[in-house]
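Asks: This is the structure alone, sequence omitted:
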């Protein structure tokens, strides 16, 4: 046998097979399935886990377990934790730019812009944690000797379908506002462009965000969105990413959500918006409940 | 406990003229239903027919929505807020001036004690219009953007437990924000809404701004699913709310849903017991317990449970059940035979499942639909009477040992409309209030309502808020709900 030539060939790269992010850990899909992710030009990018209904249920359980703690943290603390995520995003900037450029087929400069906008948006929302109650709450001057105060509270566990096209800026635009008030999230990443969501989960895993606050599922949007829309321990649905997804409509998911009267945030239009403009207090308040507390006054 | 004897003190019904039949109020006029169909509304205290009321079908709804659309686009929407405000102030004033008429009619049609119709329903309805009147020309200060715009035509469906008050909760904010409305009162309590239509004419409100269409479930379904509607607001059962949510899925029409409840009223051992007992009574026997936010589950700390329940029974023995028009009556009639059947079915289930029943031995009138105040002890969390909304004068008593257990039990329900806390410890009130998953938390009080105070539920009690600044949002573009 002749020895193979080992002259200076290019190094064989380590190809990635990514996993899910549930409860602060990175499990494989219980189904064992993976799918191939390609870049905008159709070249192999990575293998991603193809999550199942069971994974979705596990993610809901992790999100439910984490919810009281996240909501119970002080608003100042949540703000700091979220701000620290922005610091980490900045540190991983090059990887995000590469992911976004390859996945969305953007020029390096436009990918840079998208990543910058995403990080800036994260900072904007991080600053809201300790202001929402002041802006959206009320002292109510009732006609009687009573103290009466209304405050926004988190809705609970939110299932969010991340935008299909805008894989980082769109993702941050739907995820960050849900977290501000203390909701926890099961996020279904863009089916064809999941890599920024996966990289974000690696950021979150090394941040101070408690395990289970954000859970990231990769795989088929239609396959995962439906069990989440039906799940009776999910309080709300963010459907921004359903437009442009295959084999599922936001209307059918909203109908499923009616079973336990989930709060539903409908997509703004029938195609993906320009995420540059999608930054609002309303995005935060869509996943809150107003609680009003009364107490008599007396000497 | 000895009982005082009272001479009957009936409020005169001469103050009200009830027509033998009523049409639909569309585009400023009473008109016949296209189908000619009618239904009867009955006095639940006597079972006498009060009037025949038209039953609206698709053609009538179509006409009402077209009238509302025209009025919204041509008159009410373009009108300066300051002018809209004056119409709403007028309505508030007229309601106060005609308060006695409305109160008597409400009691006749609904069965609630005149004391409550007179002291709660009607004045609170008038106050609601007065409050929202002032918002009509200040919407840019409400926190929903610099130039908030009305949604358009609102379809509103209300329940039978507070007919006029729920009408006010629906119509006042909608009109203040520049919307026009088509409102359907409940099948069994249409009369005060029809009297309100008369008041609307008296106020010279432009035609088509308020349209009242009467009918039963199918009329409501037709109204809320009509493609010409921009906003739906519904108060009623969770089952119907769920159906509406499903029907509106995939559309661009937002809904406000105020649905059922199974509120926990939590009494700690350090509570001021006399006040707590009054709060418990008010919580579950106000309006015969036909209140979505009723304190229907009493959670009492184990150490004081026996004593508290004994004292509660003594107090309940003094409640006077009977003629709703009598000013001394505490508990009136159940609104319908159907509702009375539901209360009987659930209380029977309570007995069958092993809870211990106590029912006041107060005399009940021979005619009419009445149900004596009832308390169940030895109730477990799995019993139907602990899980299902009874909507009647029936209290289920459960016990707890620690605050954490109280929170867990209180939140162990798919509902989340209201909750009560009774304790003299301020820090405990605030901690409990944080942990209870309910839209309204009453601490050391219960069943308080005010136009400035947002009301609405968590979870399967629905979504959206009515009342206060928050109550404007559902009627403005870009507002939540």
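Replies: The structure has been received and is ready for your questions. The shown structure was predicted, so the numbers you read here are calculated from the model rather than taken from an experiment. Numbering: from 1, shown residues only, chains lettered A, B, ... in the order given.
Asks: neighbouring contacts of stretch B:68-84?
Replies: B:27, B:136-139, B:150, B:152-153, B:175-176, B:178-182, B:206-209, B:211, B:228 (C-beta atoms under 8 Å, 6 or more residues apart in numbering or on different chains). In short, each C-beta sits where N, CA and C put it, glycine included.
Asks: So what would you say the end-to-end distance of that stretch is?
Replies: End-to-end span of stretch B:68-84 (C-alpha to C-alpha, to the nearest Å): 15 Å.
Asks: and what of stretch A:274-286?
Replies: Stretch A:274-286: ends 19 Å apart by C-alpha to C-alpha.
Asks: does any bit of it sit next to chain B?
Replies: Yes: judged by C-beta under 8 Å from any C-beta of the partner chain, stretch A:274-286 comes into contact with chain B at A:282, A:285-286.
Asks: Of the residues you listed, keep whichever come out buried.
Replies: When those are checked for burial by 16 or more other C-beta atoms under 10 Å in any protein chain shown, the buried set is A:285-286.
Asks: can you redo the residues of stretch A:274-286 next to chain B as JSON lines with secondary structure and pLDDT?
Replies: Below are the residues of stretch A:274-286 next to chain B laid out as JSON lines (DSSP: H, G, I helix; E, B strand; the rest coil; pLDDT from 0 to 100):
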{"residue": "A:282", "secondary structure": "helix", "pLDDT": "95"}
{"residue": "A:285", "secondary structure": "helix", "pLDDT": "97"}
{"residue": "A:286", "secondary structure": "coil", "pLDDT": "97"}
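Asks: just curious, which of the residues of stretch A:274-286 next to chain B is nearest to residue B:241?
Replies: residue A:286 (19.0 Å; C-beta to C-beta).
Asks: so what's the closest one up against?
Replies: Residue A:286 touches A:177, A:236, A:238, A:263, A:265, B:480, counting by C-beta under 8 Å, 6+ apart.
Asks: What's the local residue count around the closest residue to chain A within the stretch 201-350 of chain B?
Replies: Nearest residue of the stretch 201-350 of chain B to chain A, counting by C-beta to the nearest C-beta: residue B:250, 2.2 Å away. Look at residue B:250: counted by other C-beta atoms under 10 Å in any protein chain shown, it has 15 neighbours.
Asks: quick check: domain ranges of chain B?
Replies: Here the domain parsing of chain B from automatic domain parsing is B:13-259+B:459-475, B:264-443.
Asks: can you tell me the distance between the two ends of the first one?
Replies: So the one you mean is domain B:13-259+B:459-475. End to end - C-alpha to C-alpha - domain B:13-259+B:459-475 spans 37 Å.
Asks: Next up, the contacts around residue 136.
Replies: I'll assume chain A. A:152, A:281, A:285, A:288, A:290, B:143.
Asks: To clarify, I was referring to chain B.
Replies: B:81-82, B:84-85, B:88, B:175-178.
Asks: how near is it to chain A?
Replies: 18 Å (C-beta to the nearest C-beta, to the nearest Å).
Asks: For whatever residue of the stretch 101-250 of chain A ends up closest to chain B, grab phi and psi.
Replies: For the stretch 101-250 of chain A, the residue closest to chain B is residue A:142, as judged by C-beta to the nearest C-beta, at 3.8 Å. Backbone torsions for residue A:142, taken as degrees, to the nearest 10, come to phi -70, psi 160.
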